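> Using only what follows, build the 3D model:
(chains A and B)
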Amino acid sequence: MEKRVTFGGWTWPLLLLAPQVLVTLVFFYWPASQAVWQSFLLEDAFGLKTEFVWFTNYIELFQNRDYYASMGVTALFAALVTTLSLSIALFLATQADKHISGAAVYKTLLIWPYAVAPAVAGVLWLFMFQPSLGIVAQGLRRMGIAWDPLLNGTHAMTLVVMAATWKQISYNFLFFLAGLQSIPKSVYEAAAIDGARPLRRFWTITFPLLSPTAFFLLVVNIVYVFFDTFGIIDSVTGGGPSKATETLVYKVYQDGKLGANLGGSAAQSVVLMVIVVALTAVQFRYIDRRVNYK
Amino acid sequence: MSIRHLLTAAAVTVGLATPAAAQIEIQWWHAMTGANNQVIVNLAEAFNAAQKDYKVVPTYKGSYADTMNAGIAAFRAGNAPHIMQVFEVGTATMMSAGRAIKPVHVLMKEAGEKFDPAAYLPTITGYYSTLKGEMLSFPFNSSSAVMWYNKDSFRKAGLDPAKPPRTWPEVFEAAKKLRANGHPECGFSNAWVTWLNLEQLSAWHNVPLATKANGMEGFDTVLQFNSPLHVKHLQTLVDLVKDKTYSYSGRTNTGEGRFTSGECPIFMTSSAFFGNVRANAKFDFGNAPLPYYPDVSGAPQNTIIGGASLWVMTGKKAEDYKGVAKFFSFLSETDRQVDLHTKSGYLPITKAAYEKIKASGFYKNAPYLETPLIELTNKPPTANSRGLRLGNMVQMRDMWAEEIEAALAGKKTAKQALDDAVSRGNDVLRQFERTIAK
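Numbering: from 1, shown residues only, chains lettered A, B, ... in the order given. Predicted coordinates:
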């Protein structure tokens, strides 16, 4: 027997859809269209003089070497954070899913960092790794490592990757755990009876059945790295040293807010939007096919 | 009683009930936190208590950049504050804002307030004035760059704390000794890397940072800080950073704690660091004028100021502006300036206040408060040392810092880094020129 709600007319469906559509219009389409409009303008900070300059802002953007460097930084940052946070979260989730005493406590502790604001997470890591006062930094120094995120780009990148990963693990962990718990125990038992060892059970049962979750998380994580890590980068490195940690979204802020180059900054936002839309589309187009939805 | 009588009576009653004029609120947006925020609140309260017509309402709006952006956004939305505190590097942006701002000299004239530009210290007001000496914004919290040093560390290293190094070669020598005697991580350092090593260095040695009197004579200015002096200075820092005689402390002042914690025994930064040093340094400290290269003729010249000034925004009623003008007169009173300087460490802006403090002997016990004034008034300012007026300076400073970082990390030579900083900065200047010239 099938349960299906049917509506008599258009009124109810439209009314029920309206809030969501309205929110999307006001908080996404409106600002996004403003950004597109702004990207064709040359304007001073106070908006006293405005000139329509067609694609000048885009042409300048794509002639700027720094912009490509920033793309490279973003790609590296996104790859590192996504890979690390997904794999660590998956490992933790599989461990927390076992029958161990105090599992609830571990789970709670693992979820906590998600409640921390990005800027606060950044400051926490900054304190620990502050070259002269940070606890971890002092330890590194004693081990003979010249820890210096102020001048060493690799050190700075390591620091923001750690902070961004740490912050995202909780979210991924939560979804992986829920995904794991929805896999029927009988499947494992059957596999175990057939002689499959834990590692084999993981790769042949857990991993494929978790793939919808993993795919969803991959999309969410990419968006997270592209946009939400702004607070971490702003508080930890400010994009430095020498642009080593300047991601695309941070550059939008640098040029727009600090540089008062609103047109150029808007053009960057539009490009960024296109990149994320394209990445998501690619993910759905190609990866989605290989995901096992049962 | 006729209707007319009744109406007249009513009108009279209403007239009596309302005070002569409703109090006018003056909005003041600022970026001061902690002790400095208290200074602002106290000033507003004192002004509000001193008269009844106006009420100054200070509001904290975040960092300097945040406050400026909030003010700009508010202006675009049609509800700018009356007074906005803007840091010195935002001066060019504000100046170019045309009809968004009301120059202070115009404000004082229109309000009929007594105002003598000659009463103010030229090294301070010059930064915020036109070349003709017309004051555009009202200097509020001014400071300059000085060299702070740890006297206890000097004694331990066999250096004379009464004779801090005066020249750069002396600083390098002292830093090497200090590094060998208890400061392995840092001989000397500085905050605000570009302010100290490019901007102040140029003014102090009377060499141009940019053409057109550092931009004060026109927005078609071109950067020039890749001169032999600048290259030599940066190259020396690059050499010294290797053995930690010099240590890098970042672009802003977040590294200042390295001085108060005792890690860096010589630290160059703002004179406004004073409050922090007094509160946190557990050692005998002092400060001295910035060092100079003795082989540069005419050095030392004079330093330039840092800090912020108060800009008046347009679009308010004439009565409101009378209140703003009265508030500025109130801030300029000699005793008020004396009080501000001796309590907060901000530099006095009037000549009368400086003379009065000097005459009172105050500096005998607090010589570190006079150091910036000695530097600023060392010689009459030249085209190279009057101030800076470069568009999008906040962003440019970041670019310059990036290049300096690349040199210090050994990725570029000092010459290459400064050449790149100049050429990238010039692109920003041209972009700024384009947006404001239209």
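
> you'd agree B:P161 is up against B:P265?
No. Under the criterion of C-beta atoms under 8 Å, B:P161 is not in contact with B:P265, lying 10.6 Å apart. In this view, the C-beta of every residue, glycine as well, is placed from N, C-alpha and C.

> Tell me which of these two has more neighbours.
Neighbours were counted for B:P161 and for B:P265 using other C-beta atoms under 10 Å in any protein chain shown; B:P265 has more, 31 against 15.

> about what we covered before: anything in contact with each of B:P161 and B:P265?
Counting by C-beta atoms under 8 Å, 6 or more residues apart in numbering or on different chains, the residues touching both B:P161 and B:P265 are B:Y149, B:F154.

> The host helix or strand of B:A145 - what's its average pLDDT?
Element membership for B:A145 (DSSP states H and E) is strand B:138-150. Strand B:138-150 carries an average pLDDT of 92.

> Give me the helices and strands touching that strand, please.
Under the contact criterion of 3 or more C-beta pairs under 8 Å, 6 or more residues apart in numbering or on different chains; DSSP states H and E, strand B:138-150 touches helix B:122-125, strand B:266-270, strand B:285-288, strand B:305-313, helix B:318-332, helix B:367-376.

> Next up, the contacts around the residue most central in space within chain A.
Central residue of chain A (C-alpha atoms, centre = their mean): A:Y224, 1.9 Å from the mean position. Applying C-beta under 8 Å, 6+ apart to A:Y224 gives the contacts A:V81, A:Q168, A:Y171.

> same thing but at 10 Å, please
A:A78, A:V81, A:T82, A:S85, A:P118, A:A164, A:K167, A:Q168, A:Y171, A:N172, A:L217 (C-beta atoms under 10 Å, 6 or more residues apart in numbering or on different chains).

> cool, and B:E217?
Neighbour list for B:E217: B:L131, B:T211, B:A383, B:R386, B:R389 [criterion: C-beta under 10 Å, 6+ apart].

> Highest neighbour count among those?
Busiest of those [other C-beta under 10 Å] is B:R389, holding 25 neighbours.

> what's the burial count for the closest residue to that residue other than its chain neighbours?
In space, and not counting its chain neighbours, B:R389 is closest to B:G215: 4.0 Å by C-beta to C-beta, 6 or more residues apart in numbering or on different chains. B:G215 has 24 neighbouring residues, counting by other C-beta under 10 Å.

> and the gap between B:G215 and chain A?
Applying C-beta to the nearest C-beta, to the nearest Å, the value for B:G215 to chain A is 16 Å.

> Isn't that residue up against B:L429?
Yes. Judged on C-beta atoms under 10 Å, B:G215 makes contact with B:L429 at a distance of 8.0 Å.

> any common contacting residues for these two?
B:A92, B:T221, B:V222, B:L223, B:L390, B:G391, B:M393.

> ok, and which of these reach chain A?
Applying C-beta under 10 Å from any C-beta of the partner chain, the subset of the shared contacts of B:G215 and B:L429 adjacent to chain A comprises B:G391, B:M393.

> Sort out for me which of the shared contacts of B:G215 and B:L429 are in helices.
Among those, DSSP state H puts B:A92, B:M393 in helices.

> Would you reformat the shared contacts of B:G215 and B:L429 as a markdown table and include pLDDT and distance to B:D243?
Formatted as a markdown table, the shared contacts of B:G215 and B:L429 follow (pLDDT from 0 to 100; distance: C-beta to C-beta, whole Å):
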| residue | pLDDT | distance to B:D243 |
| --- | --- | --- |
| B:A92 | 86 | 39 |
| B:T221 | 93 | 38 |
| B:V222 | 95 | 36 |
| B:L223 | 96 | 31 |
| B:L390 | 91 | 35 |
| B:G391 | 86 | 39 |
| B:M393 | 86 | 33 |
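
> pretty sure B:H105 contacts B:K132?
Yes. Between B:H105 and B:K132 a contact is recorded at 9.5 Å, counting by C-beta under 10 Å.

> So which of the two has more stuff around it?
In this view B:H105 and B:K132 are compared by other C-beta under 10 Å, and B:H105 has more residues nearby, 17 against 7.

> That one belongs to a strand, doesn't it?
No. Assigned with DSSP: H, G, I helix; E, B strand; the rest coil, B:H105 falls outside any strand and is helix.
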